[in-house]
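Undergrad: Fold the following, please.
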Amino acid sequence: MIRNILMLMMFCFAVSSVVGKTYFKETFDDSYASRWVTSDWKKSDGTAGPWKHTAGDFYADAEADKGLQTSTDARFYAASAKFEPFSNKDKDLVLQYQVKFPQKIDCGGGYIKLLPSDVDQKNFGGDSKYHVMFGPDICGTTRRTHVILTYKDANHLIKKTVNCETDQLSHVYTLILHPDQTYEVRIDGVKKESGSLTDDWDFLAPKTIKDPSQSKPADWVDAAEIDDPSDVKPSDWDSQPKQIVDPAAAKPEECREVIVSCINF
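TA: Prediction:
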């Protein structure tokens with residue numbers, strides 16, 4: 001879903017293993033409409049915008065560089081394409097696409113979502129279930145790449161802040177989910193973030209949690225140190241001098257006394 005104008009060009013969506021298999025690839029040639037379904041989401045309230053099939057204002061090849069472009073500011077856009085079901089068990093899942101914001105965008109995003117196979121494409125919208133949501137989000141001081149993964153019907157946003165690009169150039173966003181429960185986020189082929197799925201998302205409950213039934217005893221003392229009421233001063237404490245002579249100590253042979261005199265004039 002996009003809240004503002006942008007150029008969206010998704011060119012690769014793949015699951016790769018040692019051999020690698022591409023399940024979906026789109027270059028948005030003139031046959032793209034046979035694969036993509038534009039959603040009716042937001043049409044009823046007049047806030048849906050029409051897509052344009054164009055290379056935009058800046059391109060190397062007017063035909064080869066075509067993509068889907070939003071046409072009107074402050075509108076919502078959603079389109080989806082189906083491909084064969086797959087499993088990424090024991091394989092890398094690679095989700096990659098190219099996007100550019102040809103205008104100085106101040107509030108908008110260009111995301112792609114990996115949807116369930118039973119999605120209602122004509123009604124696909126912001127509340128539709130998804131497995132993965134990935135892409136840049138720019139609004140006010142927000143400048144981040146969203147990585148949202150669904151676990152047990154709950155959407156979990158990555159806890160780290162992954163900065164996104166904010167210029168008017170084309171950028172390639174890549175998300176890789178590894179079978180060992182690690183991940184990578186790359187922009188233009190450069191790794192921007194990586195780590196553990198269990199560490200960087202709140203999928204699982206904390207290893208330790210507070211017991212709500214437990215409370216501090218009424219007589220609990222918060223002081224770090226307290227006097228021992230059973231401790232008493234030894235009976236001969238005050239009769240001992242502050243300093244005592246060490247009977248084993250002796251003046252070294254090489255020690256000499258030095259007399260310093262001061263003469264006043």
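
Undergrad: so where do the helices sit in this structure?
TA: 197-200 (DSSP state H).

Undergrad: shaky segments in it?
TA: Under the criterion pLDDT under 70, the flagged ranges of the chain are 1-19, 255-265.

Undergrad: How far does stretch 210-230 stretch from one end to the other?
TA: 35 Å (Cα to Cα, to the nearest Å).

Undergrad: For that stretch, list every residue counted as buried.
TA: When neighbours are counted by 16 or more other Cβ atoms under 10 Å, no buried residue of stretch 210-230 is found. In short, each C-beta sits where N, CA and C put it, glycine included.

Undergrad: mind checking how far it is from the chain centre?
TA: 40 Å (Cα atoms, centre = their mean, to the nearest Å).

Undergrad: Can you name the residues in contact with that stretch?
TA: Contacts to stretch 210-230, defined as Cβ atoms under 8 Å, 6 or more residues apart in numbering, come from no residue at all.

Undergrad: Likewise for stretch 136-151?
TA: Residues contacting stretch 136-151 (Cβ under 8 Å, 6+ apart): 3, 99, 101, 105-111, 129-135, 155-158, 161-166, 173, 175, 183, 185, 187, 192, 197, 201, 203.

Undergrad: cool, stretch 192-209 as well?
TA: Residues outside stretch 192-209 that contact it (Cβ under 8 Å, 6+ apart): 145, 149, 151, 156-160, 162-163, 177, 181-186.

Undergrad: Narrow these to those that are buried.
TA: Buried by 16+ other Cβ under 10 Å: 145, 149, 156, 158, 160, 162, 177, 183-186, out of the contacts of stretch 192-209.

Undergrad: Tell me which two of these sit farthest apart.
TA: 156 and 186 (20.5 Å; Cβ to Cβ).

Undergrad: so of the buried ones among the contacts of stretch 192-209, which ones are in strands?
TA: Of the positions in the buried ones among the contacts of stretch 192-209, 145, 149, 156, 177, 183-186 sit in strands, assigned by DSSP state E.

Undergrad: Looking at the residues you listed, which is nearest residue 87?
TA: Proximity of those to residue 87 was ranked by Cβ to Cβ; the top entry is residue 177 with 12.5 Å.

Undergrad: partner residues bridging the closest one?
TA: In this entry, residue 177 is beta-bridged to residue 93, residue 183, by DSSP bridges.

Undergrad: Quick check: it touching residue 88?
TA: Yes: the pair residue 177 and residue 88 qualifies as a contact (Cβ atoms under 8 Å) at a distance of 7.0 Å.

Undergrad: Would you mind measuring from residue 36 to residue 171?
TA: As judged by Cβ to Cβ, to the nearest Å, residue 36 and residue 171 stand 22 Å apart.

Undergrad: next one: residue 87
TA: 30 Å.

Undergrad: So for these two, which residue has more residues nearby?
TA: residue 171 (17 against 8; other Cβ atoms under 10 Å).

Undergrad: ok so, going back, with distance to residue 246 as extra columns, can I get the buried ones among the contacts of stretch 192-209 in a markdown table?
TA: Below are the buried ones among the contacts of stretch 192-209 laid out as a markdown table (distance: Cβ to Cβ, whole Å):
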| residue | distance to residue 246 |
| --- | --- |
| 145 | 72 |
| 149 | 72 |
| 156 | 70 |
| 158 | 67 |
| 160 | 63 |
| 162 | 68 |
| 177 | 73 |
| 183 | 68 |
| 184 | 69 |
| 185 | 69 |
| 186 | 72 |
